[in-house]
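[1] Here is my input, please return the structure:
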Amino acid sequence: MLFASPPVPNNVQHYPRSPTYDFPDLPPGDRASFWLLPISIALQQITLAVIGPLPKTSPIRTLLPAISIPIIIGIGIQATLFCHHLTSPVINFGYGTAAISITLQGIDILFVIPWRYEIPLTEIFKIADKPCPTINPTWKQRFDWAGACFNNPRMLNTPFEPTLLKKRREQVAGISKSWFLITRLARVIMTWVLIDFLLAWCRYDLWFGSATHHLALPDTLVSGAVRTVFGGSAIWMAVNSEHALCAVIYVGVFRQDHKDWPDLFGIWTEEWYTIAEFWGIAWHGLFRQQFTFLTNTFSSTVLRVVIPFLLSGVLHFAGAYMQSRDGVDAMLFLMLQPLGIIVQQMIVGKSLKGRGWAFKAAVWISTMLWLISTGYGFVKAYAKGGMFDIEPIPVSFLSLLGIVEGPAYRYGGAMAHLGWY
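    Sure, this is the predicted structure:
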């Protein structure tokens, strides 16, 4: 029934839109200010490269951040608010989140970490492939070190690496390099097949399009729940497959240690049942340090739960706002999660150790119901911004098999959005 006649061409989109995804009523200034975003990122990296290796007692460390950080934050915020719709939805989302992510990471490295350590940051971040000497480093060494910090958002192999990642690195270290490459490549292929299916369904369903279209499903409670599950699954699969593909390339081609490529998402062997465990174990932790670096400064349990989701909400708002000028629903979804965590812990407790399987299953069901009910607006914001119009796969297996119409090669449509229009 999914692909019932009349067959749906794969180029059907949710909204008629130009290749740049511009809406007709957007001001021309949105294009003119696009240059602010790369400049913001470059300035922040240069600032970290200059200040980072200095000890806490250095007067330069005291003065320069106070002068430069407000300017850089201001540029980053302006870039997020005014730049818009020059490329694909994925690129737009990446630029929007980068402005917030790098700002948060810069604040952490330049302000928060030095208050905990008296030694230079180069002694804290031992990044093997981009070392920065403590004594008389060159500007290029400092800049390369800063880039290595920014390219290591999960803080792998640093004192700030989460315990969960250490456990996952130990699990990866227990398998051979060849088996690691085989399993990750198989994961990429399997995920691409599933993404192909999900995005074909997205086009068939015409998510959040015209309610009068003869192919559009009615907007009911059940269809909304299915859309939320499928939309969240598509996001999970796209990010997970990209990480697995990068692992194959960097380990297989560039000879990196496979222990430095732990799983991005939680696996079923890692038990998670509650809302807190979903975000702490099941979901990816690419921005974990950027969201949690302030929690150590508060003793309040509520604030330690709320602050990470507040910062996460700001980041996802920026990404969704860059896509469709509407990021409220995305931010609201993240802001509701602390409420669900606190209420659930009040009812079932913080730990489920020693509880029976029936109780754990009931808690897991309640967690899924919460995420589905609150995530509908989040997925809708992604769909409105065109995120599901771009397929992050090179070949459509469904088209090759003749199940759906459309070209088998899919990167051509995505690459068309990378030019200037």
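[2] who touches the strand or helix carrying residue 166?
    Using DSSP states H and E, residue 166 sits in helix 163-173. The contact list for helix 163-173, computed with Cβ atoms under 8 Å, 6 or more residues apart in numbering, reads 154, 156, 180, 258-263, 280-281, 285. No exception for glycine: its C-beta is placed from N, CA and C like everyone else's.
[3] For residue 269, give its distance to residue 308.
    Counting by Cβ to Cβ, to the nearest Å, the separation of residue 269 from residue 308 is 25 Å.
[4] Those two - which one has more neighbours?
    residue 308 (23 against 6; other Cβ atoms under 10 Å).
[5] Can you say which helix or strand has that one in it?
    Using DSSP H and E, residue 308 falls in helix 301-324.
[6] Give the next helix or strand downstream of that helix.
    That would be, after helix 301-324 and using DSSP H and E, helix 328-348.
[7] now that following helix and helix 301-324, what's the angle there?
    Here the directions of helix 328-348 and helix 301-324 differ by 150 degrees (axes from the mean of the first three to the mean of the last three Cα atoms, to 10 degrees).
[8] Which element is encountered next along the chain beyond helix 328-348?
    helix 357-384.
[9] How far away from the center of its chain is that next one?
    Relative to its chain's centre, helix 357-384 lies at 18 Å (Cα atoms, centre = their mean, to the nearest Å).
[10] Name the residues of the lengthiest helix in the chain that are buried.
    Identified as the longest helix of the chain according to DSSP state H is helix 221-252. Going by neighbour count (16 or more other Cβ atoms under 10 Å), the buried part of helix 221-252 is 224-225, 227-232, 234-241, 243-245, 247-248, 251-252.
[11] same question, stretch 181-194
    184, 187-188, 191-192.
[12] What angle do helix 163-173 and the helix or strand that the helix holding residue 166 is followed by make with each other?
    Sequence-wise, the next helix or strand downstream of helix 163-173 (DSSP H and E) is helix 177-205. Helix 177-205 and helix 163-173 are oriented at 120 degrees to each other (the same axes, to 10 degrees).
[13] Which residues belonging to the next helix or strand after the longest helix of the chain are considered buried?
    Later in the chain than helix 221-252, the nearest helix or strand by DSSP H and E is helix 275-277. For helix 275-277, burial by neighbour count (16+ other Cβ under 10 Å) applies to 275-277.
[14] Give the other helices and strands that the helix or strand following helix 275-277 contacts.
    The helix or strand immediately downstream of helix 275-277 is helix 288-292, counting by DSSP H and E. Using 3 or more Cβ pairs under 8 Å, 6 or more residues apart in numbering; DSSP states H and E as the contact test, the elements touching helix 288-292 are helix 89-107, helix 301-324.
[15] Dump the following helix or strand past the shortest one to CSV, restricted to CA.
    If you walk from helix 89-107 toward the C-terminus, the next helix or strand you reach (DSSP H and E) is helix 121-124. Output of helix 121-124 as CSV, limited to C-alpha atoms (Å, rounded to 0.1, in the frame of the first residue of the first chain):
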residue,chain,number,x,y,z
LEU,A,121,45.4,24.6,27.8
THR,A,122,48.0,22.9,25.6
GLU,A,123,48.8,20.7,28.7
ILE,A,124,45.2,19.8,29.1
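[16] Averaged pLDDT, helix 121-124. What do you get?
    When pLDDT is averaged over helix 121-124, the result is 75.
[17] name the helices or strands packed onto that helix?
    Going by 3+ Cβ pairs under 8 Å, 6+ apart, helix 121-124 lies up against no helix or strand.
[18] Give the buried residues for it.
    Buried-residue list, helix 121-124, by 16+ other Cβ under 10 Å: 121-122, 124.
[19] And for it, what's in contact with it?
    Outside of helix 121-124, the residues within contact range by Cβ under 8 Å, 6+ apart are 52-53, 109, 113-114, 117, 131-134, 137, 145, 158-159.
[20] Alright, that wraps it up for me.
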